[in-house]
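1. dropping a prediction and its sequence here:
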Amino acid sequence: MTTLVAGADLGGTTVSIALATCDGTIVAEAKIPTDSHEGPEAVLSRISDQVLALAKEAGSSPAAFGLGVPGLVDLKAGTTKFLPNMPTQWRDVEVAKLVSAKLDCPVRLLNDARAATLGELRYGLGKGINSMAMLTLGTGVGGGIAVDGKLVLGPLGAAGELGHQRIMPDGPICGCGQRGCLETLVSGPAFTGEAVRLLKAGLAPGLHKLVGGDIGKVSPREMAQAAREGDEVLAQSIKRRAGYLGIGVANVVTILHPDLVVLTGGVAEMGDILIDPVRTAARENVGMFPTENVQVEKSILGEKAGLLGTIALAAESLSNQ
Ligand SMILES: [Zn+2]
């Protein structure tokens, strides 16, 4: 019988859970609300119950489980160290111990952006690629890097925090305590915040019409559509922020010279109106060597990258035992 592994991507509002083969084919999946106010033990217990329900459905128990979490983890101990957006911040929660007691299999943890990078590396655009970097452009900006076909994690599992490179020393204050990190300039809220301001100032009439004047409906996707359909000031705003992102990508290219840089998350859904100027800025800001061979692409796994990364994490834990 085919060995199955399980994975879960823990988000602030939703947990995506799947049972899959080691080559990343999902055989059963579910989404449950995080309900983080219930506390870590209750959240982990519900995730475990859902994995067991999927296993029952598939008629086979998982041989390993991978969990992606939004924050810092202790990879060896299998504990969470700091999940900034969760109540209690999940400090020193013995996740691996608690979950493996219920699932009766090994449990591995990973930061969610590193998990998404691993997913894209194993099952997406990174297949057969030697080195790549990934930027997850959502509410925050996460990242990950892989060299020689392997994820680079560093002693804290925190290597590849590409969203927290400083682009603008006097820029907006960031959740990490620094100023002017890439995240403050190109996260979803950074893009939509400026779009809302333009809308209120009467400078984005197309966007205003598109969302019916409801600023709560402004997302990168609507922004891109309005810009494509003629909102010129909005188009310039997207291009300027794409330039910051391009500098961030150029820094990564200068340091790593990867074969591939992948962009994912809600902001990447803007498509070519974002990615074309990112490519241009990335090339213009690397001076030391030619970069024509460095591809900058949108993820083909999209929002599934994180979940598939946890499947890859579980699968690799079996081969690395
Ligand atoms: Zn930061």
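-> That came through fine.
2. which residues of this protein lie near the ion?
-> Proximity of the chain to the ion, by CB under 5 Å from the ion, involves residues 164, 174, 176, 178, 181. All C-beta atoms are positioned from the backbone trio N, CA, C, and that covers glycine.
3. let's have those in JSON lines, adding secondary structure, distance to L19 and pLDDT.
-> As requested, the residues of the chain next to the ion are arranged in JSON lines below (DSSP: H, G, I helix; E, B strand; the rest coil; distance: CB to CB, whole Å; pLDDT from 0 to 100):
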{"residue": "H164", "secondary structure": "helix", "distance to L19": "34", "pLDDT": "95"}
{"residue": "C174", "secondary structure": "coil", "distance to L19": "37", "pLDDT": "93"}
{"residue": "C176", "secondary structure": "coil", "distance to L19": "35", "pLDDT": "87"}
{"residue": "Q178", "secondary structure": "coil", "distance to L19": "40", "pLDDT": "95"}
{"residue": "C181", "secondary structure": "strand", "distance to L19": "37", "pLDDT": "97"}
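4. only whichever of these are buried, select them in PyMOL.
-> Selection of the buried residues among the residues of the chain next to the ion in PyMOL, burial being defined by 16 or more other CB atoms under 10 Å:
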select buried, resi 164+174+181
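5. tell me which of the residues of the chain next to the ion is nearest to L260?
-> Nearest to L260 out of the residues of the chain next to the ion is H164 (CB to CB; 21.3 Å).
6. how much space between the residue nearest to the closest one when sequence neighbours are not counted and G248?
-> Nearest non-adjacent residue to H164, counting by CB to CB, 6 or more residues apart in numbering: C181, 4.6 Å away. In this view, C181 and G248 are 9 Å apart by CB to CB, to the nearest Å.
7. report the set of residues contacting both of these two.
-> By CB atoms under 8 Å, 6 or more residues apart in numbering, C181 and G248 have these common neighbours: 165, 167.
8. picking up where we left off before, contacts only, for the residue nearest to H164.
-> 141, 163-167, 171, 174.
9. do the same with A115
-> Counted by CB under 8 Å, 6+ apart, A115 has contacts 9, 66, 68, 305-306, 309-310, 312-313.
10. what about D170, how many residues nearby?
-> Residues lying near D170 (other CB atoms under 10 Å) number 6.
11. E94 now?
-> 17.
12. again, but for T88
-> With other CB under 10 Å as criterion, T88 counts 11.
13. next one: the one 3 residues further on
-> Applying other CB under 10 Å, we find 14 other residues in the vicinity of R91.
14. just checking, it touches K81?
-> Yes. R91 is in contact with K81 according to CB atoms under 8 Å; the separation is 6.7 Å.
15. residue contacts, the residue nearest to L260 when sequence neighbours are not counted?
-> Excluding the flanking residues, the one nearest L260 by CB to CB, 6+ apart is M132, at 4.2 Å. For M132, the contact set (CB under 8 Å, 6+ apart) comprises 117, 120-121, 125-126, 145-146, 258-262.
16. among those, who's most crowded?
-> Busiest of these [other CB under 10 Å] is T117, holding 35 neighbours.
17. tell me which helix or strand it sits in.
-> helix 112-123 (DSSP states H and E).
18. again with A281
-> In this assignment (DSSP H and E), A281 forms part of helix 272-284.
19. mind exporting the C-alpha coordinates of that helix to PDB?
-> The C-alpha trace of helix 272-284 is given here as PDB (Å, rounded to 0.1, in the frame of the first residue of the first chain):
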ATOM      1  CA  ASP A 272       2.200  40.900 -15.000                       C
ATOM      2  CA  ILE A 273       1.400  44.500 -14.000                       C
ATOM      3  CA  LEU A 274       3.400  43.800 -10.900                       C
ATOM      4  CA  ILE A 275       5.900  41.100 -12.100                       C
ATOM      5  CA  ASP A 276       7.100  42.800 -15.300                       C
ATOM      6  CA  PRO A 277       8.400  45.900 -13.400                       C
ATOM      7  CA  VAL A 278       9.800  43.700 -10.700                       C
ATOM      8  CA  ARG A 279      11.800  41.800 -13.300                       C
ATOM      9  CA  THR A 280      13.100  45.100 -14.800                       C
ATOM     10  CA  ALA A 281      14.000  46.600 -11.400                       C
ATOM     11  CA  ALA A 282      15.700  43.300 -10.300                       C
ATOM     12  CA  ARG A 283      17.900  43.400 -13.400                       C
ATOM     13  CA  GLU A 284      18.700  47.100 -13.100                       C
END
